[in-house]
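[1] only geometry, no sequence info:
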């Protein structure tokens, strides 16, 4: 998929795997963390779960969590806690999970080189998806592929035409009132790439279906080509959506920000903009980062290099990551922590071993796929449009996840980009 390449950032951020690690359970007493045993933390958590209304409990998953852990976390909430308050998004972005194609990179990464027109909306692929950007550059150099961006997003390492950054322009394109409309109609294999900033728009629903219907009307969909793509930026995003770890009925993030929950379980979730008040927070993860800071109990988990598990990439392919080392100290593999916690609460494990967990997960995914094939799905789209300025927001490139934030190399890279005013006394 990525032609055996990884980005320089991925290659050199690996020193973050040994820094700021959580290697033993912790309990917060009087504002200070103290080391504890697994049985101590499990007993406290069990007591908190038993004494909290299930509607006041929520779970949030992070950006580097593997699929086995996501699946057992969902099973733990649904079966052990009898709660459906789960969410994987950091903010309430638009998503219609009724069809899998609504959140995948459908044209595929290899397909970038087949496209004769690429339209970027609400994304900066150079910072959000380095390997995708490298493919776009390759298509530009080898095939002279025409590239258009709704916004001026600076140097992408190739030439592109940019528009005015307004959502009215997207609407005009879908109504055949813009020159870009003709470019898309004339293209044999157009590719539209929608970033997460696009999905955060108030009228993302309207514009998503306007684009989809425009492409359908002009026969741009066929068995070999799906031109509409969502660019997910986190390793766990597609796996979370495939496993239905999102709350379709309630705006769970809004309720969290308004402090409506009493118990919050953060599974590797370090990117929330959330001010804690009286909530009891459980954090399970590999690094002492933002999630661990606000926690009352810390459960030390494994990094992605320390457990064999599956991830689903942005085009929907399931890939296996193999264990290269062991978790430090008393830290455990994440699925095992949740399984042990379920046993502590109900005197029985959710799964006897990892093979049973994996088999159950794939069974769930296959049944879901069959269900989607046979079901007649009526997709709903809103009719309200509002002209907005599309602002592209993305995480700081060098600090995009817990491992990068713990990396001294990434800190040095970040500092080298700062415009430091020199005084002449530095030596």
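    Received the coordinates, thanks. Please read all numbers here as calculations on a predicted model, not as lab measurements.
[2] what about residue 244, neighbour count?
    Residue 244 has 16 neighbouring residues, counting by other Cβ atoms under 10 Å. Bear in mind the C-beta positions are built from the backbone N, C-alpha and C, glycine included.
[3] renumber starting at 344 from here on
    From this message on, residue numbering opens at 344, which makes the last subject residue 587.
[4] pull the contacting residues for it.
    417, 440, 711 (Cβ atoms under 8 Å, 6 or more residues apart in numbering).
[5] what's the burial count for the second one?
    Going back to what we said before, that points to residue 440. With other Cβ under 10 Å as criterion, residue 440 counts 13.
[6] now it: closest residue in space, sequence neighbours ignored.
    residue 584 (5.6 Å; Cβ to Cβ, 6 or more residues apart in numbering).
[7] same deal with residue 712?
    What sits nearest to residue 712 in space, not counting adjacent residues and going by Cβ to Cβ, 6+ apart, is residue 443, at 7.8 Å.
[8] same check on residue 590?
    residue 430 (5.0 Å).
[9] what residue ranges in the stretch 444-593 of the chain score low on pLDDT?
    Scanning the stretch 444-593 of the chain for pLDDT under 70 picks out no residues.
[10] ok, now with 90
    For the stretch 444-593 of the chain, residues meeting the criterion pLDDT under 90 lie at 590-593.
[11] so which of the contacts of residue 587 is the closest to residue 744?
    Nearest to residue 744 among the contacts of residue 587: residue 417, at 21.7 Å, using Cβ to Cβ.
[12] and that closest one, what pLDDT?
    At residue 417, the model reports a pLDDT of 98.
[13] is it correct that it is in contact with residue 586?
    Yes - look at residue 417 against residue 586 with Cβ atoms under 8 Å: they come within range, at 6.0 Å.
[14] sorry, back to before: can you classify the residue nearest to residue 440 by secondary structure?
    Following DSSP: H, G, I helix; E, B strand; the rest coil, residue 584 is assigned to helix.
[15] now do the strands in this protein.
    Ranges of strands in the chain, per DSSP state E, are 369-372, 375-378, 400-404, 429-430, 460-464, 489-492, 504-505, 533-537, 571-573, 606-610, 623-628, 640-643, 652-655, 661-664.
[16] got JSON lines for those strands, with mean neighbour count and distance to residue 384 too?
    What follows is the strands of the chain, written out as JSON lines (neighbours: other Cβ atoms under 10 Å; distance: least, Cβ to Cβ, whole Å):
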{"stretch": "strand 369-372", "mean neighbour count": "16", "distance to residue 384": "6"}
{"stretch": "strand 375-378", "mean neighbour count": "12", "distance to residue 384": "10"}
{"stretch": "strand 400-404", "mean neighbour count": "25", "distance to residue 384": "17"}
{"stretch": "strand 429-430", "mean neighbour count": "23", "distance to residue 384": "21"}
{"stretch": "strand 460-464", "mean neighbour count": "25", "distance to residue 384": "45"}
{"stretch": "strand 489-492", "mean neighbour count": "20", "distance to residue 384": "48"}
{"stretch": "strand 504-505", "mean neighbour count": "14", "distance to residue 384": "52"}
{"stretch": "strand 533-537", "mean neighbour count": "25", "distance to residue 384": "42"}
{"stretch": "strand 571-573", "mean neighbour count": "25", "distance to residue 384": "38"}
{"stretch": "strand 606-610", "mean neighbour count": "26", "distance to residue 384": "13"}
{"stretch": "strand 623-628", "mean neighbour count": "25", "distance to residue 384": "9"}
{"stretch": "strand 640-643", "mean neighbour count": "26", "distance to residue 384": "5"}
{"stretch": "strand 652-655", "mean neighbour count": "22", "distance to residue 384": "23"}
{"stretch": "strand 661-664", "mean neighbour count": "12", "distance to residue 384": "27"}
